[in-house]
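K.L.:
Here is my input, please return the structure:
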Amino acid sequence: MSRTFVILNPHSGKGRGRKIEPRIREIFGAQGAEFGLTAQAGDEERLTASAIASGFDRIVAVGGDGTTSNIGHAIMESGRPVALGLVPGGTGCDLARSLDIPQNDLVRCAEIIAAGRVRSIDVGRVEGRHFLNVAGFGFDMAVLERSFQVRWLRGELLYLYCALLEMKAYPGFALRSVLDDGPGPSGTHMMVIVANARKFGGGFAIAPEASLDDGALDIVSFGDLGFFARLKAMSALIKGRHNGLPGIATTRARRAAFEFTAPPTFETDGEWRQAKSASLIIETLPKALRVLVP
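P.N.:
Okay, the predicted model is just below:
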């Protein structure tokens, strides 16, 4: 008999998590689930580890991509065959989009989890940290940092607004890279996204051909684009038609070695990170995480 533990981030989605908490407790309580709320950084991992140690074999993340990623990381660290369930309740929820999990139907999400259909998906890893959706460098980070200051928007509109503000201001960064055993993106770049799934930024199809179970990562590089080229690239990105534009390329690899001029800040699944080294290895772990899907 499966046992379900629900972890809810009340601060996700600019407070949406707290608004849906009563309904989450009602729906999942009827299924016999138990609950934990996050209050500070690290709580998702602590609650997940404790639940797994207590014998729960389904952990449900109620929040955005950051909440889901932190819980997924803790499941990976446990080494146990625990299944991850997703209930979108945050700003982006892009992994849920890629898995066809509904964004605004709590009852349907609970039905998916109760049905117990499992899909094993790939997991990315960088500096010992697991990510489920994307790792992002450059412009993506500038937009993320800008979004922390905006309280009145969320989802795709939040990313678009912040992207427009950073379009002219962001200077770019220098990168050298090797993908598997061959050359990768090098030179000055506006942005590089290492995608495990198709979407990021609240629904933008950054890697339209990416698969969550192909054992590879899609490395999407935006080169040294000028202001008007950036505008064109972002306009195309909204429609998922950026691949093939001048200065933009997508390459698939199992392992990427990135060399920066200094340890960069970067994001994994919308979570801000500070690298320990200027040299980063990003790799995929094939079909390493069990996820509950429609």
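K.L.:
Can you report phi and psi for Ile113?
P.N.:
Recorded main-chain torsions at Ile113 are phi -70, psi -40, according to degrees, to the nearest 10.
K.L.:
so it touches Leu84, yeah?
P.N.:
No. Taking CB atoms under 8 Å as the contact criterion, Ile113 and Leu84 are not neighbours in contact, 9.6 Å apart. No exception for glycine: its C-beta is placed from N, CA and C like everyone else's.
K.L.:
so what sits against both of these two?
P.N.:
Applying CB atoms under 8 Å, 6 or more residues apart in numbering, one finds that Ile113 and Leu84 are jointly contacted by Arg58, Val60, Leu292.
K.L.:
Any idea how many residues pack against the last one?
P.N.:
The local packing of Leu292 (other CB atoms under 10 Å) involves 23 other residues.
K.L.:
so it makes contact with Ala96?
P.N.:
No. Leu292 lies out of contact with Ala96 (CB under 8 Å); the separation is 11.1 Å.
K.L.:
Counting by contacts, list what the lengthiest strand in the chain packs against.
P.N.:
Scanning the chain for the strand with the most residues, using DSSP state E, yields strand 279-292. Contact here means 3 or more CB pairs under 8 Å, 6 or more residues apart in numbering; DSSP states H and E; on that basis strand 279-292 packs against helix 65-78, strand 83-88, helix 106-115, strand 118-126, strand 217-222, strand 255-259.
K.L.:
Among the ones you listed, which comes closest to Ile27?
P.N.:
Ranking the helices and strands packed on strand 279-292 by distance to Ile27, with CB to CB as the measure, places helix 106-115 first at 4.7 Å.
K.L.:
Just the CA atoms from the closest one would do, formatted as PDB, please.
P.N.:
The C-alpha trace of helix 106-115 is given here as PDB (Å, rounded to 0.1, in the frame of the first residue of the first chain):
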ATOM      1  CA  LEU A 106      -6.200  20.300  -8.200                       C
ATOM      2  CA  VAL A 107      -8.600  17.500  -8.400                       C
ATOM      3  CA  ARG A 108      -7.100  16.200 -11.600                       C
ATOM      4  CA  CYS A 109      -3.600  16.400 -10.200                       C
ATOM      5  CA  ALA A 110      -4.700  14.400  -7.200                       C
ATOM      6  CA  GLU A 111      -6.300  11.800  -9.500                       C
ATOM      7  CA  ILE A 112      -3.000  11.500 -11.400                       C
ATOM      8  CA  ILE A 113      -1.100  10.900  -8.200                       C
ATOM      9  CA  ALA A 114      -3.600   8.400  -6.900                       C
ATOM     10  CA  ALA A 115      -3.600   6.400 -10.100                       C
END
